[in-house]
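> from the sequence below, what's the structure:
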Amino acid sequence: MSAVTTVLQVGLVVVVLAAAHRPLGAYLARVFTSRRHLAVERVGYRVMRVDPDAEQRWSTYLLSLLGFSLASVLVLFGLARLQDRLPLSVGAPPMDPAGAWNTAVSFVTNTNWQWYSGETAAGHLLQMAGLAVQNFVSAAVGLAVAVALIRGFARSGTDARVGNFWSDLVRGSVRVLLPLAFVAALALVAGGVIQNLHAPTEVTTLAGGTQHVLGGPVASQEAIKQLGTNGGGFFNANSAHPFENPTPWTSALQVVLMLLVPLSLPRAFGLMVGDRRQGWAVLATMGVLWAGSVAVLTWAETAGPGLAPAAAGAALEGKETRFGAAASALFAASTTGTSTGAVNAMHDSLTAPGGGVTLVNMLLGEVAPGGIGSGLYGLLVLAIVAVFLAGLMVGRTPEYLGKKIGRQEITLVALVVLTMPAIVLVGTALAVALPAGQAGIQEAGPHGLSEVLYAFASAGNNNGSAFGGLTSGTPFYNVLLGLAMLVGRFVPIALVLALAGRLSSQRTVPAGSGTLPTHGPLFVGLLVSVTLVVVALTFVPVLSLGPVVESLS
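I've put the predicted structure just below:
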């Protein structure tokens with residue numbers, strides 16, 4: 001692909017996202033500030049027997065979220081274990097207990113890590129009633145947590161009340177994700193993505209042999225898979241499969257869907273806190289980090305090191321010729337930057353620096369721009385770190401959006417920041433030290449370490465993509481990665497909601513002459529630097545043993 005085509009492709013994605021940013025961001029703000037309930041929502045509240053207008057303290061909000069998620073894990077585990085006895089199983093066997101556990105946790109935590117091949121291990125009912133449903137509600141959970149944190153900044157002296165979880169969950173699903181996914185599914189069907197309830201059909205080839213042509217409700221799941229930053233593929237090849245992603249324009253559309261809501265949420269944030277400039281600063285930070293990863297990964301895959309890429313004009317191993325190296329780089333940067341985890345090329349075949357970029361994207365904490373909701377609240381946590389450091393430099397009590405950042409607030413923030421590195425580093429150490437973990441490593445040396453590190457970075461950050469060279473469908477990895485997903489999702493959520501409660505209880509103080517402006521280029525530069533430095537201080541040693549050594553060898 002020529003440099004001009006590459007620039008035009010990225011430019012098209014940016015133009016579409018820019019056009020959608022203001023209207024979608026404003027719509028999101030209206031959805032979560034409106035006092036009116038839709039008729040279908042009121043029916044749902046009556047069925048659940050909840051009062052959507054009852055304001056919840058952060059602890060009650062968290063308990064509602066955890067109870068809903070636990071029930072979701074149990075239902076999905078049951079579907080996976082019993083799918084052979086249910087309709088539309090299309091011959092899929094029941095998943096083993098460890099595999100069913102991993103799958104249930106994976107989709108409930110918005111990770112969508114897949115140890116299995118979708119076309120053989122998951123029947124249509126499990127795909128639709130289990131996995132696709134979780135694609136909606138797990139994304140809505142992340143969106144709800146982000147909205148709760150925004151309310152913490154926007155409110156003043158509200159006794160730690162941050163909204164109503166059930167109202168936020170229903171509104172995020174019904175008013176945001178369902179209509180957007182419906183339109184996206186129609187567009188994907190128009191682009192050639194299949195949508196049916198067919199079992200595999202046996203056909204006779206021109207050579208006289210037989211072949212099974214797969215079917216299934218793919219477009220409907222593909223739409224929310226990308227829109228909800230989920231990533232779990234209907235087929236094992238994910239978005240590299242022609243039934244999931246037939247053409248270059250459907251590939252570009254899927255990139256747009258991944259980035260659409262995460263890059264519109266900063267607009268909603270600015271509107272809800274009453275200062276649109278704050279939203280622009282967050283958006284600029286996300287944009288700088290995403291653009292940097294796209295640029296470096298595109299260089300690595302089109303002009304990076306190696307004799308074979310130089311001879312072929314690009315690193316073509318593991319790439320779909322329908323898309324090319326540049327489109328695959330754009331997709332890989334976006335999927336690992338948004339916690340989506342979908343792939344249209346095999347990440348294990350990326351060049352060493354290219355694979356390093358995808359790793360760093362996840363190790364940043366999925367904030368470039370991150371998953372639905374989780375990207376925004378992750379970056380706001382880092383923004384608090386930035387203003388705290390700036391306050392230390394000038395000897396003033398740090399403030400962010402009129403809220404004092406004291407000992408208790410910064411303790412919660414520090415725990416959020418430290419949770420993910422602990423999961424990734426401890427999990428990687430256990431996998432490379434124990435025989436059960438070593439048995440799944442196919443590559444010796446630095447690439448093998450990168451495969452393990454990538455798996456735990458993906459699980460701990462709820463991304464779901466994989467290098468692909470690690471044999472992860474074993475009881476050891478299914479259980480350990482499942483635990484990493486649970487801790488990586490719900491411990492930060494609990495801490496963020498506690499932080500939201502602390503902030504909403506405070507009285508908002510007016511900005512003074514010593515208050516750090518948090519809406520200009522200086523703060524954007526500070527926030528970008530803090531985000532990169534946190535990763536550098538934490539993960540440089542292990543990255544040096546993996547992708548860095550491999551790049552230099």
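
> the stretch 201-350 of the chain: strands as residue ranges?
Ranges of strands in the stretch 201-350 of the chain, per DSSP state E, counting those that start in this stretch, are 201-204, 210-213.

> buried residues in the first one, which are they?
Taking 16 or more other C-beta atoms under 10 Å as the basis for neighbour counts, none of the residues of strand 201-204 comes out buried. (C-beta placed from N, C-alpha, C; glycine too.)

> now for that strand, which elements pack on it?
Other elements packing on strand 201-204 under the criterion 3 or more C-beta pairs under 8 Å, 6 or more residues apart in numbering; DSSP states H and E are strand 210-213.

> hey, C-alpha coordinates of the strand it packs on in CSV?
Extracted C-alpha coordinates of strand 210-213, given in CSV (Å, rounded to 0.1, in the frame of the first residue of the first chain):
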residue,chain,number,x,y,z
THR,A,210,-16.2,-31.4,-0.1
GLN,A,211,-16.0,-28.3,2.1
HIS,A,212,-18.1,-27.0,4.9
VAL,A,213,-19.3,-23.4,4.5
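
> in its sheet, what does that strand sit against?
strand 201-204 (antiparallel) (DSSP bridges).

> list of residues touching the strand it pairs with?
210-213, 215 (C-beta atoms under 8 Å, 6 or more residues apart in numbering).

> neighbour count and pLDDT for these - can I get that in JSON lines?
Formatted as JSON lines, these follow (neighbours: other C-beta atoms under 10 Å; pLDDT from 0 to 100):
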{"residue": "Thr210", "neighbour count": "8", "pLDDT": "86"}
{"residue": "Gln211", "neighbour count": "11", "pLDDT": "85"}
{"residue": "His212", "neighbour count": "11", "pLDDT": "83"}
{"residue": "Val213", "neighbour count": "11", "pLDDT": "86"}
{"residue": "Gly215", "neighbour count": "18", "pLDDT": "89"}
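
> the strands in this structure, which residues?
Along the chain, counting by DSSP state E, strands occupy 56-57, 161-163, 201-204, 210-213, 399-400, 403-404.

> mind checking which of those is nearest Gly341?
Nearest to Gly341 among these is strand 210-213; the distance by C-beta to C-beta comes to 26.5 Å.

> the closest one: how far from the chain's middle?
34 Å (C-alpha atoms, centre = their mean, to the nearest Å).

> that older thread, mind putting the strands of the stretch 201-350 of the chain into JSON lines with distance to Ala132?
As requested, these are arranged in JSON lines below (distance: least, C-beta to C-beta, whole Å):
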{"stretch": "strand 201-204", "distance to Ala132": "22"}
{"stretch": "strand 210-213", "distance to Ala132": "22"}
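
> most centrally placed residue in the chain?
Geometric centre of the chain, nearest residue: Ser339, 2.1 Å, by C-alpha atoms, centre = their mean.

> gap between that residue and Asn361?
9 Å (C-beta to C-beta, to the nearest Å).

> ok so, going back, the strands of the stretch 201-350 of the chain: which one's closest to Phe388?
That would be strand 210-213 among the strands of the stretch 201-350 of the chain, by C-beta to C-beta, at 57.5 Å.

> contact partners of that closest one?
For strand 210-213, contacts defined as C-beta under 8 Å, 6+ apart pick out 200-205.

> what about 10 Å?
119, 194, 198-205, 243 (C-beta atoms under 10 Å, 6 or more residues apart in numbering).

> Val357 contacts Ala332, correct?
Yes. Between Val357 and Ala332 there is a contact under C-beta atoms under 10 Å: 7.9 Å.

> neighbour-wise, which of these two wins?
Ala332 (29 against 26; other C-beta atoms under 10 Å).

> is it true that the more buried one touches Thr351?
No. In this structure, Ala332 is not within contact of Thr351 by C-beta under 10 Å, at 11.1 Å.

> overlap in contacts of those two?
With C-beta under 10 Å, 6+ apart as the test, Ala332 and Thr351 both reach 297, 300-301, 357.

> re earlier: now the contacts of strand 210-213 in TSV, with pLDDT and distance to Leu380?
Below are those laid out as TSV (pLDDT from 0 to 100; distance: C-beta to C-beta, whole Å):
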residue	pLDDT	distance to Leu380
Glu119	87	40
Ile194	94	40
His198	87	45
Ala199	83	47
Pro200	84	46
Thr201	85	49
Glu202	84	53
Val203	86	53
Thr204	85	58
Thr205	83	55
Phe243	94	39
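
> mind putting these into CSV with distance to Val479?
Below are the contacts of strand 210-213 laid out as CSV (distance: C-beta to C-beta, whole Å):
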residue, distance to Val479
Glu119, 25
Ile194, 34
His198, 35
Ala199, 32
Pro200, 31
Thr201, 37
Glu202, 37
Val203, 40
Thr204, 44
Thr205, 42
Phe243, 32
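
> out of the strands of the chain, which gets nearest to Ala431?
Among the strands of the chain, the nearest to Ala431 by C-beta to C-beta is strand 210-213 (35.2 Å).

> how about the strands of the chain, which one is nearest Gln278?
Among the strands of the chain, if distance is taken as C-beta to C-beta, the winner is strand 399-400, at 9.3 Å.

> count the neighbours of Pro541 for me.
By the criterion of other C-beta under 10 Å, Pro541 has 11 neighbours.

> hang on, I meant Gly274
If you count neighbours by other C-beta under 10 Å, Gly274 ends up with 12.

> list the contacts for it?
Contact analysis of Gly274 by C-beta under 10 Å, 6+ apart lists 153-154, 401-402, 508.

> ok, Glu55 to Ala187 distance?
Glu55 is 38 Å from Ala187, by C-beta to C-beta.

> equivalent analysis for Ala223, please.
8 Å.

> quick one, which of those two is more surrounded?
Ala223 (27 against 16).

> pretty sure that one contacts Gly191?
No. The criterion here is C-beta under 10 Å, and Ala223 misses it with Gly191 at 11.2 Å.

> hey, what's in contact with both of these two?
253-254.

> before we move on, back to that, just put the contacts of strand 201-204 in a markdown table and tack on distance to Arg49.
Listed next are the contacts of strand 201-204 as a markdown table, based on distance: C-beta to C-beta, whole Å:
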| residue | distance to Arg49 |
| --- | --- |
| Thr210 | 54 |
| Gln211 | 52 |
| His212 | 47 |
| Val213 | 46 |
| Gly215 | 39 |
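
> for the protein, what helix or strand is lowest in average pLDDT?
Lowest mean confidence among the helices and strands of the chain (mean pLDDT, DSSP states H and E): helix 307-312, at a mean of 65.

> ok, the nearest residue to Phe107 once chain neighbours are set aside - contacts?
Once flanking residues are discounted, Phe107 sits nearest to Gln134: 4.0 Å by C-beta to C-beta, 6 or more residues apart in numbering. Applying C-beta under 10 Å, 6+ apart, we find Gln134 in contact with 69, 72-73, 75-76, 103-104, 106-110, 112, 141, 224, 228, 230, 232.

> for ChimeraX, what selects the buried ones among these?
To isolate the buried ones among the contacts of Gln134 in ChimeraX, judged by 16+ other C-beta under 10 Å, type:
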select :69,72,73,75,76,103,104,106,107,108,109,110,112,141,224,228,230,232
